[in-house]
Structure formats: C-alpha cells, structure tokens
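Participant: okay, sequence plus prediction incoming.
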Amino acid sequence: MKKIRVLLADDHLVVRMGIASILSFEKDIEVVGETDNGVDAVRLAKELKPDVVLMDLKMPRLGGADATVQIHSADSSIKILILTTFGSSAELKKAMDGGATGALLKNSSQNEIIDAIRMVASGRRVISGEIQHSIEDLGSVPEMSQRQLEILNLVAKGFSNKEIAKILGVSLETVKDHVKKILLRMDVTSRTEAASLAVNMQLVTG
C-alpha cells in the first residue's frame, strides 16, 4: 500500500503531537516531517516532497498563507490542507487563492481531519462550510506588497505620512506614493476609508 506522506506545520508542539498521534494509527498515512514555522515548512516541502502539507496559518518567521503560496509555486503536486482556528479570514483567503486544496477548523473531529487528508491527497477539494462562508463574506482581497501592508497597518493606527516615514526609515515621498497606490488598489478615496476597510477585511490589526 502506497502511504500518503504528510508534513505537519504548526507552531504549537501539542497540536503537532496530537495530530501525529492520531495519524500514526492510520495504515495508509505517514508523517514524514514536522516544523513550527513557515520558512522550514517551505524548505521541508521541497526536500521531503510530501503528498500533503497540513498547514497552520499563524506561524513565526513566515505565515502559513505565504508558505502555501511558495510551496505551491515550487511544486503544485504537493497538496496543502489548511488547519486553522479562524484567526484571520484574509490570510485564509490568501492561502486558498495561493494554492491550498482544502481548509478545516482545528476543532474538527479526528475522522474529519483524516478524511480530509485522504481527499486532498487524491486531488479533491475540501473546505468546511463555516470557512467557505467566511471567505465569501470577505470578498476580494486587494493585492499588496509587504511594504504596503506595513504602511496600511500604520495608517490604520492613526499615524501620519511623516510619522510613518520616520518609523520605517524611508522618505516622505515614498510613503505618499505607497499610500496613493493603496487607495487605488482598495478602490477608496481617503485614508480613513482605507483604514476602516482594512480592519473589516482583517488585513491589519487596527
């Protein structure tokens, strides 16, 4: 029997241990690697070539959404199943748009997780109803660079362009240029609108 090779990526050791324990009883599934951060998730995915990556969204060094995009870009044959507590709908949508094959909540039953791994390994898409509704309600997330997200976050916190330039160590003109692009991409006309929409879409912490 060809086993489904799984890579676990979650920054909580207890979660990884629990999932590894659950999967150890399945004759057709094998955990081939574990990591607690997104950077190593990308590296191990390239090295180990797992069939499925079980990916958390909130991880240090590199978030699960960005790790998903990088893994999928490097090898689209690797299936990625997001397992999340629903911390950020925007990050979840980014992961799904970036190549994830499925998404489940962490409070899913053992059987749901096991069945989902088998399904995504076979190429089928799996996504819980609650997650699907959240993504649909979120709407379209505008594409922005990491720098633009940093600036948008500071705008949402009430900092002026001059203050943002000082915080980030860039010129005032650079900040103004980024803010202009942010407004265009978010299809709004003011910083206040951009900040409010960004918080609603969970692009920033507010």
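Facilitator: Happy to help now that I have it.
Participant: and the closest residue in space to P60 that isn't next to it in sequence, what are its phi and psi?
Facilitator: Among residues not flanking P60 along the chain, N37 sits closest, at 4.9 Å (C-beta to C-beta, 6 or more residues apart in numbering). All C-beta spots, glycine's among them, are computed from the backbone N, C-alpha and C. In this entry, N37 is assigned phi and psi values of phi -150, psi 160 (degrees, to the nearest 10).
Participant: N37 touches M59, doesn't it?
Facilitator: Yes: if you go by C-beta atoms under 8 Å, N37 and M59 touch, sitting 5.1 Å apart.
Participant: pLDDT score for I78?
Facilitator: At I78, the predicted lDDT confidence score is 97.
Participant: do I have it right that it meets Q70?
Facilitator: No: at 10.8 Å, I78 and Q70 do not qualify as touching, with contact defined as C-beta under 8 Å.
Participant: show me the domain layout of the chain.
Facilitator: Per the record's domain assignment (automatic domain parsing), the chain is made up of the domains 4-138, 146-200.
Participant: returning to that earlier point: if I look at N37 and M59, which residues touch both of them?
Facilitator: Overlap of the contact sets of N37 and M59 (by C-beta atoms under 8 Å, 6 or more residues apart in numbering) consists of A9, D11.
Participant: quick one: which of the two has more around it?
Facilitator: The residue with the greater number of neighbours, taking N37 and M59 and applying other C-beta atoms under 10 Å, is M59; the counts read 23 against 19.
Participant: would you list the phi and psi of that one?
Facilitator: With angles defined as degrees, to the nearest 10, M59 sits at phi -140, psi 150.
Participant: one more: the one 10 residues further on?
Facilitator: Note on V69: its backbone torsions stand at phi -60, psi -40 [degrees, to the nearest 10].
Participant: look up how far N107 lies from the residue nearest to the spatial centre of the chain.
Facilitator: Ranked by distance to the mean C-alpha position of the chain (C-alpha atoms, centre = their mean), the top residue is A65 at 2.1 Å. Taken as C-beta to C-beta, to the nearest Å, the spacing of A65 relative to N107 amounts to 20 Å.
Participant: cool, R43 as well?
Facilitator: According to C-beta to C-beta, R43 and N107 sit 29 Å apart.
Participant: circling back: any buried residues in the helix or strand where the residue nearest to the centre of the chain lies, and which?
Facilitator: For A65, the host element (DSSP states H and E) is helix 64-74. By neighbour count, with 16 or more other C-beta atoms under 10 Å as the criterion, the buried positions of helix 64-74 are G64, A65, D66, A67, T68, V69, Q70, I71, H72.
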